[in-house]
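build the 3D model from these lines:
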Amino acid sequence: MSDPGREWLERLLSRARRRHLLGGLLDALAGALVTGAAGAALAHPGAGGVAVAAVCGALAGAGARWAVGWRWPRVVDLARHLDAGVAAAEWSAELLVARPETLPLLARLQRERIVRLVAEWGEPALPRRTWSGPLLRALAAAALAAVWLAVLRPGAVGGRPTAAVPAAAPIAPIASAAIKAVRVEVDPPRYTGLPPHFVDGWRVRAEEGARVAFRIELAGAADRAVLRFGEEDQALARGADGAWRTERRGRQSELYALRVFARGREVLRGPLARLEVVRDQPPVLEVLHPAPLTLVSSAAPGTLDLEVAAHDDYAVAGVEAQLVLARGRGEQVRFRELKRSLLPRPGGRFAARLDLAALGLAADVEIFLRFEARDNREPEPGRTRSATLRIRMPTAEERPSAALAAGIALPAALAMFRSERQIILDTERLLRDQPHLGAAELQRRAQDIGFDQHALRLRYGALLGEEVESGLAVEAAEAEVAAARAARDSAGGAAASTPAPGSAAAPSANAHPGAGGGGSAADLAARLPAGMVHMHDSAESATFLPEALRREMREILAAMWDAEGRLRGVDPRGALPFEERALRQLKDVQQRSRVYVAKVGSEAPEVDPARRLTGDLAAVRGQRAALAAPGSDPLRMAFAWAESACGATSAPLLAPGVRGAAEQALERAALAGDDEALRALAAWRAAVHPGCREAQAVGAALWRLLPPPPPPIARAAGER
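Alright, predicted model coming up:
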């Protein structure tokens, strides 16, 4: 049973393969014409030599075609081309390659649909540059061969033999130069203690300040040779043995290349290489003792041990302690500087001991200590300093109290108040642990939570002006006032008019100020002579709060009071509802007491009536396009050129500024140790007209140097 879809695809594949084969023959013909004409015009090898040159050129042309990636067309490649070039294929042309019985149901239905559309497609266009490019190259090769045979071949002008024109003076050809051997001697600085070492080749690794001696042997004619370091040319001198020599001091990493000249012309250029200079790093210093702050007893200052660990890439010359003694307080401070050398110990450690009493450490003296390590680099050693440490005697506030010295345990974190939410969490944890706790432990934990509730209640009570616990201070004041009044009445003979104790007019010493008939501190003050009573700030006038907020705060304090009473009575389950009520009311007060203020400059722009409800999004699209458009980054422009150089017949010229920026980026990467960037830079500079191979190398090296693209604009929820 015939398959029209597969038959149509195979006919199209045969056509593509014929065109591919024709292109290969044309490339082989172009190579044969060029090499054969060049051999016949320049070297006169005879018919056999011309044929051999033509065959070699044909093989080179065909091989070049395969080298640049022209593969033999396959069914899969043709299907991908149809998917990309024919819209009706709907990216399903690969289904024509498979057999229908091997496909699932949906794929089989799609394949049948594509087969029905085959007749409508006709003959789609095959991939471009299949044979048109090779045809142009063959025509150009034929024209070039004709020019060579007509112009360069001696004795042939217009195809007819002519008499040889004697030259005024024969010019001897310049023999090509070649590099026979390269040997580099690296002599490190004396302070490193490293012996000299030799390097065979161009890549040199030297220590900072090392003497780098180059010895290069050349073959062929050479009048002058230089090593180009960046934009600087360093000349080489020819010795008695014929070798070229020069020396350079390693100061920084550089790229260099050899250039050889003969008769004023450059006849040889060496590969681009890297002279890598290893920097001398400063010492690494670590303070082991003392601590950043050292408090010394005032009774006996004694001594203080100093110890540090120091390491260097070559050697540590020494470590010293720099001390600054500050004596005095306020503006009357005098300073004195001292230095103490530390003695080396095994394992890269240095130690010393300070006599604090001899240094004069006292209560008004503070010592600032800093360590400094130095290596043996010449002429200027590398130095590393530590952070500044302090040594002093503790002040009276920092000295431990007698109670702490005697071992009296003080309640921890008295100044810290737990939140109501934390009290609830502690109560819930106590309820979970209650079945596993003894009576004593349960009582202790409940009392602790009750104390936290008590402290939090007093803290919120201070917002209402309660400086002490409610009731105690007022009752004590009333008792004192009652006693004073009784004494005054008895002294003045007014005992008969004084109400009997216990009557409604006599305040009781233990009566609550809010009880009926008990009176209040304000009433007592009103009945006493002026100047005898000083009223402290009351809870009603201590703070300026609205009455509704005061009422709710009193409810919160009442809930906390009830929770505290049940916790004191070891009833955590009964305290939990009151704790939760207090928390809910606290959050309600917080939400209602918030103030919302409009931000400065929040006025919205005026609405344009002409554009309202028109659906015009031109300005929005313009802004998005401006945000999405890439910036004029030279590296990205150079990378885009490298990507397009292989796809076009003739790569576009790269702007000098863009090329310079790309070369600088590649040079920095090469100096940092990137071998791929070094090879790409060398190939790019060596080629007069960079081609596809150089562009690919440059693009691969630039890809790793490109900054990451900016993140896409995040769309809001529901935005389309």
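
C-alpha only now, for contacts and for neighbours.
Will do.

would you mind putting the CA coordinates of stretch 344-357 into CSV?
Taking C-alpha atoms only, stretch 344-357 is exported to CSV below (Å, rounded to 0.1, in the frame of the first residue of the first chain):
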residue,chain,number,x,y,z
PRO,A,344,58.5,33.1,66.8
ARG,A,345,57.2,29.8,68.0
PRO,A,346,56.6,26.5,66.1
GLY,A,347,53.7,26.2,63.7
GLY,A,348,53.9,29.8,62.5
ARG,A,349,52.9,31.3,65.8
PHE,A,350,54.4,34.4,67.6
ALA,A,351,54.1,35.1,71.3
ALA,A,352,55.1,37.6,74.0
ARG,A,353,54.1,38.6,77.5
LEU,A,354,53.1,42.1,78.7
ASP,A,355,53.8,43.3,82.2
LEU,A,356,50.7,45.5,82.8
ALA,A,357,51.9,46.8,86.1
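
quick check: the closest residue to V267 other than its chain neighbours vs R248, distance?
In this structure, V267 finds its nearest non-sequential neighbour in F261, 5.4 Å apart by C-alpha to C-alpha, 6 or more residues apart in numbering. The gap separating F261 from R248 is 21 Å, by C-alpha to C-alpha, to the nearest Å.

so those two - more neighbours on which side?
Remark: of F261 and R248, F261 carries more neighbours, 17 against 13, as counted by other C-alpha atoms under 10 Å.

show the average pLDDT along the helix or strand harbouring that one.
Element membership of F261, judged by DSSP states H and E, is strand 254-262. Computed over strand 254-262, the mean pLDDT rounds to 91.

likewise for stretch 572-587?
Stretch 572-587 shows a mean pLDDT of 92.

change the start of the numbering to 2 and stick with it
I'll keep to 2 as the first residue from here, and by that count the last item is stretch 573-588.

ok, and what's touching it?
With contacts defined as C-alpha atoms under 8 Å, 6 or more residues apart in numbering, stretch 573-588 is touched by 421-422, 424-425, 428-429, 431-432, 447, 553, 556-558, 560-561, 563-568.

just the buried ones from the residues you listed?
Buried members of the contacts of stretch 573-588, scored by 16 or more other C-alpha atoms under 10 Å, are 421, 424-425, 428, 431-432, 447, 553, 557-558, 560-561, 563-568.

these in helices, which ones?
In this view, the buried ones among the contacts of stretch 573-588 that belong to helices under DSSP state H are 421, 424-425, 428, 431-432, 447, 553, 557-558, 560-561, 563-568.

just checking: what are the partner strands of the helix or strand just after the strand holding F262?
Downstream of strand 255-263, the next assigned helix or strand under DSSP H and E is strand 266-270. The pairing partners recorded for strand 266-270 under DSSP bridges are strand 255-263 (antiparallel).

got a list of contacts for the strand it pairs with?
Strand 255-263 is contacted from outside by 175, 178, 222-231, 267-277, 668, 671-672, using C-alpha under 8 Å, 6+ apart.

among those, which are located in strands?
Counting by DSSP state E, the contacts of strand 255-263 place 225-230, 267-270, 274-277 in strands.

show me which of these are buried.
Buried by 16+ other C-alpha under 10 Å: 225-230, 268-270, 274-277, out of the ones in strands among the contacts of strand 255-263.

quick one: A605 from L703, how far?
46 Å.

neighbour count: those two, which is higher?
L703 (23 against 6).

can you count the residues close to L145?
When neighbours are defined as other C-alpha under 10 Å, L145 has 17 of them.

typed the wrong thing, it's R386
Neighbourhood size, R386 [other C-alpha under 10 Å]: 18.

identify the residues contacting it.
By C-alpha under 8 Å, 6+ apart, R386 lies in contact with L286, R371, F372, E373, A374.

next: M554.
Contacts for M554 (C-alpha under 8 Å, 6+ apart) come out as L465.

state the distance from it to A463.
11 Å.

over to M561?
Taken as C-alpha to C-alpha, the span from M561 to A463 is 14 Å.

one more: A182?
Taking C-alpha to C-alpha as the measure, A182 falls 93 Å from A463.

got any ranges where the stretch 252-401 of the chain has weak pLDDT?
The stretch 252-401 of the chain contains residues with pLDDT under 70 at 331-332, 397-401.

which parts of it are helices?
Listed in chain order, the helices of the stretch 252-401 of the chain (DSSP state H, counting those that start in this stretch) span 357-360.

what about E367, how many neighbours?
Using other C-alpha under 10 Å, E367 has 19 neighbouring residues.

which residues does it bridge with?
Bridge pairing for E367 - DSSP bridges - gives A327, R393.

and what of the one 5 residues further on?
On the basis of DSSP bridges, F372 is bridged to A322.

now for it, how many residues are close by?
Number of residues near F372 (other C-alpha under 10 Å) recorded here: 25.

what's the answer for G194, then?
Applying other C-alpha under 10 Å, we find 10 residues neighbouring G194.

what's the longest helix along the chain packed up against?
The helix that spans the most residues within the chain, counting by DSSP H, is helix 5-39. Using 3 or more C-alpha pairs under 8 Å, 6 or more residues apart in numbering; DSSP states H and E, the elements in contact with helix 5-39 are helix 47-68, helix 76-86, helix 106-117, helix 133-148.

ok, now which ones touch the closest residue to V334 other than its chain neighbours?
Computed as C-alpha to C-alpha, 6+ apart, the closest residue to V334 that is not its neighbour in sequence is R328, at 5.4 Å. By C-alpha under 8 Å, 6+ apart, the residues touching R328 are V334, R335, F336, D365, V366, E367.

just checking, the first one touches V325?
No. With contact taken as C-alpha atoms under 8 Å, V334 and V325 are classed as non-touching, separated by 11.9 Å.

burial count for R19?
If you count neighbours by other C-alpha under 10 Å, R19 ends up with 14.

the longest helix of the chain vs helix 133-148, what angle?
Put simply, helix 5-39 runs at 20 degrees to helix 133-148, going by axes from the mean of the first three to the mean of the last three C-alpha atoms, to 10 degrees.

give me the mean pLDDT for helix 5-39.
The average pLDDT within helix 5-39 is 71.

please check the contacts of R328 and keep the buried ones.
Buried subset of these (neighbour count, 16+ other C-alpha under 10 Å): V366, E367.

show me which pair in the contacts of R328 is furthest apart.
F336 and D365 (12.1 Å; C-alpha to C-alpha).

dump the buried ones among the ones in strands among the contacts of strand 255-263 to a markdown table, plus distance to C57.
Formatted as a markdown table, these follow (distance: C-alpha to C-alpha, whole Å):
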| residue | distance to C57 |
| --- | --- |
| R225 | 37 |
| A226 | 36 |
| V227 | 37 |
| L228 | 37 |
| R229 | 38 |
| F230 | 40 |
| V268 | 27 |
| L269 | 27 |
| R270 | 28 |
| A274 | 34 |
| R275 | 37 |
| L276 | 41 |
| E277 | 43 |
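
what two of those are the furthest from one another?
Pairwise distances across those peak at 27.2 Å for V268 and E277 (criterion: C-alpha to C-alpha).

and the strands in the stretch 302-451 of the chain, which stretches?
Taking DSSP state E, counting those that start in this stretch, the strands of the stretch 302-451 of the chain run over residues 304-312, 317-328, 335-346, 350-356, 366-376, 384-386, 390-393.

tell me the buried residues in the second one?
The neighbour-count check on strand 317-328 (16+ other C-alpha under 10 Å) flags V317, G319, V320, E321, A322, Q323, L324, V325, L326, A327, R328 as buried.

distance of the last one from L27?
Counting by C-alpha to C-alpha, the separation of R328 from L27 is 96 Å.

repeat for K340
Taking C-alpha to C-alpha as the measure, K340 falls 86 Å from L27.

pick out whichever of the two has more residues nearby.
Per other C-alpha under 10 Å, whichever of K340 and L27 has more neighbours is L27, with 24 against 13.

gap between the residue lying closest to that one once chain neighbours are set aside and L22?
Distances taken as C-alpha to C-alpha, 6+ apart place P135 nearest to L27, at 5.4 Å, with adjacent residues excluded. Note on P135: its distance to L22, by C-alpha to C-alpha, is 11 Å.

ok, those two, which is more surrounded?
The neighbour count for P135 versus L22, taken as other C-alpha under 10 Å, is higher for P135 (23 against 16).
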